[in-house]
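> Sequence and computational prediction follow.
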Protein chains: 2
Amino acid sequence: MAGIRDVAKAAGVSVSTVSNVINSRDQKMSAETRQRVLDVIETLKYTPNSVARQLKTGLNRTIGLIVPSVANPFWGAVSLHIERAAMKYDHKVLVCNAERDPALETNYALSLLRSSVRGVILGSSPITFDHFRDLAERGLKIAAFDRQAQGADEVISCSVSVDQELGGQLAGQHLLGLGHRQIAFVSGPIRTSSRLGRLGGLRSALKRAGLEVDQRLIWQGANVRGFGDAEGAELGRVAVRELLSGEVRPTAVFAVNDMYALGAYAGARDLGYRVPEDLSIVGFDNIALSAIMQPALTTIEQPLEVMAEIIVAALIGQIEGSNQDEGPSHVDIKPELIVRASTARLYA
Amino acid sequence: MAGIRDVAKAAGVSVSTVSNVINSRDQKMSAETRQRVLDVIETLKYTPNSVARQLKTGLNRTIGLIVPSVANPFWGAVSLHIERAAMKYDHKVLVCNAERDPALETNYALSLLRSSVRGVILGSSPITFDHFRDLAERGLKIAAFDRQAQGADEVISCSVSVDQELGGQLAGQHLLGLGHRQIAFVSGPIRTSSRLGRLGGLRSALKRAGLEVDQRLIWQGANVRGFGDAEGAELGRVAVRELLSGEVRPTAVFAVNDMYALGAYAGARDLGYRVPEDLSIVGFDNIALSAIMQPALTTIEQPLEVMAEIIVAALIGQIEGSNQDEGPSHVDIKPELIVRASTARLYA
DNA sequence: CTCTGATGATAAAACGTTACACCTTGCGCA
DNA sequence: TGCGCAAGGTGTAACGTTTTATCATCAGAG
């Protein structure tokens, strides 16, 4: 593999000049010198080694993205948007699947830090970020996606999220407005701030209507590794089967995300219930699939594209120190309810 | 940030010794020296800089994975398995979304090469790999996922794939066996070797039964960027609506992948057709969702886990030169038909 | 006593860039 | 004539590791 010195030698110039050429500091040399160097680069098939470059400059233009599970297309879409946003800043994205396992998460983060990645975006929204304190102290900037702004937290330097609580309220109000009173909440382990928030929103919508959530209608799935959502759809299916055969039968289900909602469809059908006639279902996320489903899913939208841009801009800002004086930036976005065909008025 | 010299100084040893400690060359120093160094590392929160390490050793333990679209959960699952397989070899995976755009693909590959990534796995299966020739000459090892072994090709150094043709045949035979004669093929632009192979398989199954594919039943969607499959489900929906209102009406549909198949369900229902009573549908991939769908989807399975292990092992072998003498390795896997509830006997 | 061979540790030269400081020219102008 | 300055270059010390060769020290063998 040809190095910068080989090019310099072949072109009869110094390495500095070659370096200037490849960094397009054009005014530093004559046009002909530049061209000569360029030609040599071409014939030698010289490819600048960015590892060396990185070592020298200290910045590596890569951010990490740690997601709970690419098995859920929602996170696929998130990675896509994050990647596109990063591209605008000429950054690359390293995607890691941590299945919500805190140990795996910190492992990944550590290995990223070692490769001198200076910032990571965290997709899971654990209730505590204590396991990241150490990394943060080592200088890693940590951004949280899907986690609301909350009391000062030294380890998280920026975050963006839909207002989970509001999302839950929208879902709850919609269902209440249709006459539903027996509303179930279906989720995997409720141990992330986003899940907690969504359930909290549902609760407060009910409370406002003078009702309480029936504990027996809160279905919380167990999990295999960490508390991932690899099998969200499968869990949703089981959940609804159990709920519909339980002692208090729900007339509506609020699923923690669209994959659980899709599973819920299957669960309802397994027992011969029709959606939405016999059971209304609302999801969360508005993944592409939710419009395709039959019936199309009523859900809460997360505007991924803008969220991705916000978090990437904030994180890169932090890393490059351009806005270090501004301190941490946390932004919450208003989610919207998308009414489709999976919810219907309750017949008395 | 503390460097290896700081540690050396604080521990009263030489940098070489520290280096030996962090590389666990244990027999090179006394137990107490080792412990002393370890303690200092802990208190100084020293993190070895792997960029520097990389520069020195030349190997960076990262492979690239270029997928057509994470919007399709199939590719999400592929990344997951590739990542797990790579982890066994202590390698990281850089996932890139190229939307089947050749220019984007080579861009990504080039930028990977610059960061001294020595191998990439390519998920799209373009008909020609000419646009990668240049990269291959620069020393990048290229592995193809989802592309069958074929005549010697200098640019691809290893590949793994399901036998696409056989997959198509299985689908075709199954449908023929159920009495179907009007079988449609639904796909995005048929410009990848996998799509070509699947269609070819269907063709040859029909031919064997003395039939021909009706050109009007081959539905080929246009596309927006590159010829991605971001909107596979949407295309499948439109496809089936058009086919069912066309001059020759299919009784069965073979979709190029499960996302198109899911779209096909929606298209059929849009026009009041029932699956499978009025229209049989078979997909390809066996994504997790296909078992959840109502009715559960009959499809062709791709054994992702073993495929991922094979390709990762082969690629890393090539990179580390341990099997360079063995030359390129190409392996084809027999796909299996998973019969579920979306296909039914044709009533005359 | 000297020689041999471990054992434990070290110094210094890379790896491929970048960037700072420093040279040459040639030219316009007081 | 001498000076300053711009344009076009160059030399070289880093960046933070790994690794090779080298060096003490000490135990036991001859």
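Now that the structure is in, tell me what you want to look at. Numbering: from 1, shown residues only, chains lettered A, B, ... in the order given.

> Only C-alpha atoms from now on, for both contacts and neighbour counts.
Will do.

> Would you mind naming what in the stretch 101-250 of chain A lies close to DNA strand D?
Residues of the stretch 101-250 of chain A lying close to DNA strand D (CA under 7 Å from any atom of the strand): none.

> Just give me how far stretch A:101-111 sits from the chain centre.
For stretch A:101-111, the gap between its own C-alpha mean and the chain's C-alpha mean amounts to 16 Å (CA atoms, centre = their mean, to the nearest Å).

> Over to stretch A:21-36?
With CA atoms, centre = their mean, you get 42 Å for stretch A:21-36.

> now what about that stretch, what contacts it?
Stretch A:21-36 is contacted by residues A:11, A:17, A:20, A:37-38 when judged by CA atoms under 8 Å, 6 or more residues apart in numbering or on different chains.

> Now the buried members of the residues you listed.
A:11, A:17, A:37-38 (16 or more other CA atoms under 10 Å in any protein chain shown).

> Those residues: which two are farthest apart?
By the measure CA to CA, A:Thr17 and A:Leu38 form the most distant pair in the buried ones among the contacts of stretch A:21-36, at 11.2 Å.

> between these two, what contacts are shared?
By CA under 8 Å, 6+ apart, no residue touches both A:Thr17 and A:Leu38.

> re earlier: could you list which of the contacts of stretch A:21-36 also contact DNA strand D?
Within these, those near DNA strand D by CA under 7 Å from any atom of the strand are A:Thr17.

> Looking at the buried ones among the contacts of stretch A:21-36, spot the one nearest A:Val238.
Using CA to CA, A:Leu38 is the member of these that lies nearest A:Val238, at 63.2 Å.

> so which strand or helix has the closest one?
Here A:Leu38 sits within helix A:31-44, counting by DSSP states H and E.

> and the helix or strand just after that helix with helix B:50-57, angle?
Toward the C-terminus, helix A:31-44 is succeeded by helix A:50-57 as the next helix or strand (DSSP H and E). For helix A:50-57 against helix B:50-57, the angle by axes from the mean of the first three to the mean of the last three CA atoms, to 10 degrees is 130 degrees.

> For helix A:50-57, what does the pLDDT average out to?
The predicted model assigns helix A:50-57 a mean pLDDT of 93.

> Just the buried positions in it, please.
For helix A:50-57, burial by neighbour count (16+ other CA under 10 Å) applies to A:50-55.

> among the residues you listed, which are in reach of DNA strand C?
For DNA strand C, the contacts drawn from the buried residues of helix A:50-57 by CA under 7 Å from any atom of the strand are A:50, A:52-53, A:55.

> filter these down to the ones close to chain B.
Counting by CA under 8 Å from any CA of the partner chain, A:50, A:52, A:55 from these sit close to chain B.

> check contacts around the first one.
It stands for A:Ser50. B:114-116.

> from memory A:Pro250 sits against A:Val186, does it?
No: A:Pro250 is beyond contact range of A:Val186, at 11.2 Å (criterion: CA atoms under 8 Å).

> Roughly how far does the one residue in the stretch 201-348 of chain A that gets nearest to DNA strand C sit from B:Leu65?
Closest approach between the stretch 201-348 of chain A and DNA strand C, counting by CA to the nearest atom of the strand: A:Glu320, at 13.9 Å. Counting by CA to CA, to the nearest Å, the gap from A:Glu320 to B:Leu65 is 28 Å.

> So for the two, which residue has more residues nearby?
Neighbour count, other CA atoms under 10 Å in any protein chain shown: between A:Glu320 and B:Leu65, B:Leu65 has more, with 27 against 11.

> Quick check: bridge partners of the more buried one?
Counting by DSSP bridges, B:Leu65 is bridged to B:Val95, B:Ile121.

> Looking at it now. What's its pLDDT?
On the pLDDT scale, B:Leu65 is placed at 94.

> wait, what's in contact with it?
Applying CA under 8 Å, 6+ apart to B:Leu65 gives the contacts B:79, B:93-96, B:120-123.

> if we go to 10 Å?
Residues in contact with B:Leu65 (CA atoms under 10 Å, 6 or more residues apart in numbering or on different chains) are B:78-79, B:82-83, B:93-98, B:108-109, B:112, B:119-123, B:143-145.

> got it, and A:Thr298?
A:171, A:174, A:254, A:258, A:261, A:280-284, A:286, A:290-291, A:337-344.

> ok, the residue sitting nearest the centre point of chain A to B:Pro303 distance?
Nearest to the mean C-alpha position of chain A, by CA atoms, centre = their mean, lies A:Gly123 at 4.1 Å. Going from A:Gly123 to B:Pro303 by CA to CA gives 28 Å.

> what's the closest non-adjacent residue to A:Ile41?
Distance criterion CA to CA, 6 or more residues apart in numbering or on different chains; nearest residue to A:Ile41, sequence neighbours excluded, is A:Val7 at 6.3 Å.

> C-terminal to whichever helix or strand that neighbour is part of, what's the next element?
Assigned by DSSP H and E, A:Val7 falls within helix A:4-11. Per DSSP H and E, the first helix or strand lying C-terminal to helix A:4-11 is helix A:15-22.

> could you dump that following helix to PDB, C-alpha only?
What follows is helix A:15-22, C-alpha atoms only, in PDB (Å, rounded to 0.1, in the frame of the first residue of the first chain):
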ATOM      1  CA  VAL A  15       5.300  15.200   2.100                       C
ATOM      2  CA  SER A  16       3.900  18.400   3.400                       C
ATOM      3  CA  THR A  17       2.900  19.400  -0.100                       C
ATOM      4  CA  VAL A  18       1.200  16.100  -0.600                       C
ATOM      5  CA  SER A  19      -0.600  16.600   2.700                       C
ATOM      6  CA  ASN A  20      -1.700  20.000   1.600                       C
ATOM      7  CA  VAL A  21      -3.000  18.700  -1.700                       C
ATOM      8  CA  ILE A  22      -5.100  16.000  -0.100                       C
END
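
> tilt between that helix and helix A:31-44?
Per the same axes, to 10 degrees, the angle that helix A:15-22 makes with helix A:31-44 is 90 degrees.

> The stretch 151-300 of chain A against chain B: which residues are in contact?
Proximity of the stretch 151-300 of chain A to chain B (CA under 10 Å from any CA of the partner chain) is limited to residues A:230-231, A:233-234, A:237, A:259, A:262-267, A:269-270, A:287-289, A:291-296.

> Just the buried residues from those residues, in ChimeraX please.
Of those, the buried ones go into a single ChimeraX selection, burial set by 16+ other CA under 10 Å:
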select /A:230,231,233,234,237,259,262,263,264,265,266,267,269,287,288,289,291,292,293,294,295,296
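
> so the residue nearest to A:Val339 when sequence neighbours are not counted bridges to which residues?
Excluding its sequence neighbours, the residue lying closest to A:Val339 (CA to CA, 6+ apart) is A:Thr298, at 4.6 Å. For A:Thr298, the beta-bridge partners are A:Val282 (DSSP bridges).

> So A:Thr298 versus DNA strand D, what's the distance?
According to CA to the nearest atom of the strand, to the nearest Å, A:Thr298 and DNA strand D sit 52 Å apart.

> Could you do A:Arg34 as well?
For A:Arg34, the distance to DNA strand D (CA to the nearest atom of the strand) stands at 7 Å.

> what's the neighbour count on that residue?
The local packing of A:Arg34 (other CA under 10 Å) involves 20 other residues.

> Can you give me the neighbour number for the residue in chain A that DNA strand D sits nearest to?
In chain A, the residue that lies nearest DNA strand D is A:Met29 (3.1 Å; CA to the nearest atom of the strand). Number of residues near A:Met29 (other CA under 10 Å) recorded here: 14.

> Quick check: it vs chain B, distance?
Applying CA to the nearest CA, to the nearest Å, the value for A:Met29 to chain B is 24 Å.

> do A:Leu170 as well
27 Å.

> Hmm, that residue is touching A:Gly283, no?
No: using CA atoms under 10 Å, A:Leu170 makes no contact with A:Gly283, being 11.2 Å away.

> Show me which of the two is the more surrounded one.
More crowded of A:Leu170 and A:Gly283, by other CA under 10 Å: A:Gly283, with 29 against 22.
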